[in-house]
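Visitor: coordinates only, sequence not included:
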């Protein structure tokens, strides 16, 4: 069991060997982070080895299960390590050194000022190639389901206390996890707060791979919204 108050950080990662070390070290250096767990979701590079060498607990999926699957495994692993009563901080693997700014996301949860905090990011140093279609779908879907308007509905940087985590699980599959989480936690009557956090990450480009990624995001977000419309 943890001997101090804090959150356990969970990083779902796939092919992030170039940036995962900086992300792990930045999070591990925060006094509000108890431990860092990396779930390598079927990487073809040495993400798992780099993460482990950087001080993280690591579990590897032989094949990709998708973001929600990796997050679920991370929560299960945290529970096994004795953090079953601790808040959970989800962080993307590509934040590198800027991940240290996530201290601002954890503190409101530890102070019982919010049940779920969501990071809103500043303009990124490199422009993305998307048109914002997935963001609009997520924002409008959350608002229609709950009346709450999210500034950045797809933000993957989130801290949840155990009440919020219970409301949010099982997670919506794939890339629908964030939108589904927001709706489920809000519908449970819990407090959701967006927090500006100075983070930088790698944005998607305009090549075919990026376009396929955004198409998968749109599909999964739409599926999460449809399933919640039936409840």
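Guide: Nice, I can see it. Note that the structure is a prediction, hence the values are computed from the model and not measured.
Visitor: Please name the bridge partners of the nearest residue to residue 65 once chain neighbours are set aside.
Guide: Using Cβ to Cβ, 6 or more residues apart in numbering and skipping the chain neighbours, the partner closest in space to residue 65 is residue 41 (6.1 Å). Just so you know, the C-beta spots here come from the backbone N, C-alpha and C atoms, and that holds for glycine as well. Beta bridges link residue 41 to residue 61, judged by DSSP bridges.
Visitor: Quick one: neighbours of residue 41, just the number.
Guide: Using other Cβ atoms under 10 Å, residue 41 has 26 other residues around it.
Visitor: Please state the offset of the lowest-mean-pLDDT helix or strand in the chain from the chain centre?
Guide: Least confident element among the helices and strands of the chain, by mean pLDDT, DSSP states H and E: helix 208-229 (a mean of 89). Centre-to-centre, helix 208-229 and its host chain are 16 Å apart (Cα atoms, centre = their mean, to the nearest Å).
Visitor: Please apply the same query to stretch 99-110.
Guide: 13 Å.
Visitor: I figured residue 10 was touching residue 41, is that so?
Guide: No: counting by Cβ atoms under 8 Å, residue 10 does not reach residue 41; the two are 11.8 Å apart.
Visitor: low pLDDT regions in the protein?
Guide: Within the chain, the ranges that satisfy pLDDT under 70 run 1-3, 126-131, 202-208.
Visitor: Strands of that one, residue ranges please.
Guide: With DSSP state E as the criterion, the chain has strands at 7-13, 33-41, 57-61, 88-90, 116-120, 158-160, 192-196.
Visitor: ok, back up a step: show me what contacts the residue nearest to residue 65?
Guide: 12-14, 61, 64-67, 69-70 (Cβ atoms under 8 Å, 6 or more residues apart in numbering).
Visitor: Tell me who's in contact with residue 171.
Guide: 68, 71-72, 177, 180-181.
Visitor: which one of those residues is nearest residue 22?
Guide: Distance to residue 22 across the contacts of residue 171 (Cβ to Cβ) is lowest for residue 71, with 20.8 Å.
Visitor: Help me confirm that that closest one comes into contact with residue 39.
Guide: Yes: look at residue 71 against residue 39 with Cβ under 8 Å: they come within range, at 7.5 Å.
Visitor: For stretch 64-71, buried residues please.
Guide: Buried positions in stretch 64-71, judged by neighbour count with 16 or more other Cβ atoms under 10 Å: 65-71.
Visitor: thinking again about what came up before, I'd like the strands of the chain as JSON lines, with distance to residue 97 appended.
Guide: Shown next, in JSON lines, are the strands of the chain (distance: least, Cβ to Cβ, whole Å):
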{"stretch": "strand 7-13", "distance to residue 97": "14"}
{"stretch": "strand 33-41", "distance to residue 97": "14"}
{"stretch": "strand 57-61", "distance to residue 97": "20"}
{"stretch": "strand 88-90", "distance to residue 97": "16"}
{"stretch": "strand 116-120", "distance to residue 97": "16"}
{"stretch": "strand 158-160", "distance to residue 97": "19"}
{"stretch": "strand 192-196", "distance to residue 97": "18"}
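Visitor: closest to residue 148 out of those?
Guide: Checking these against residue 148 by Cβ to Cβ gives strand 192-196 as the closest, at 6.8 Å.
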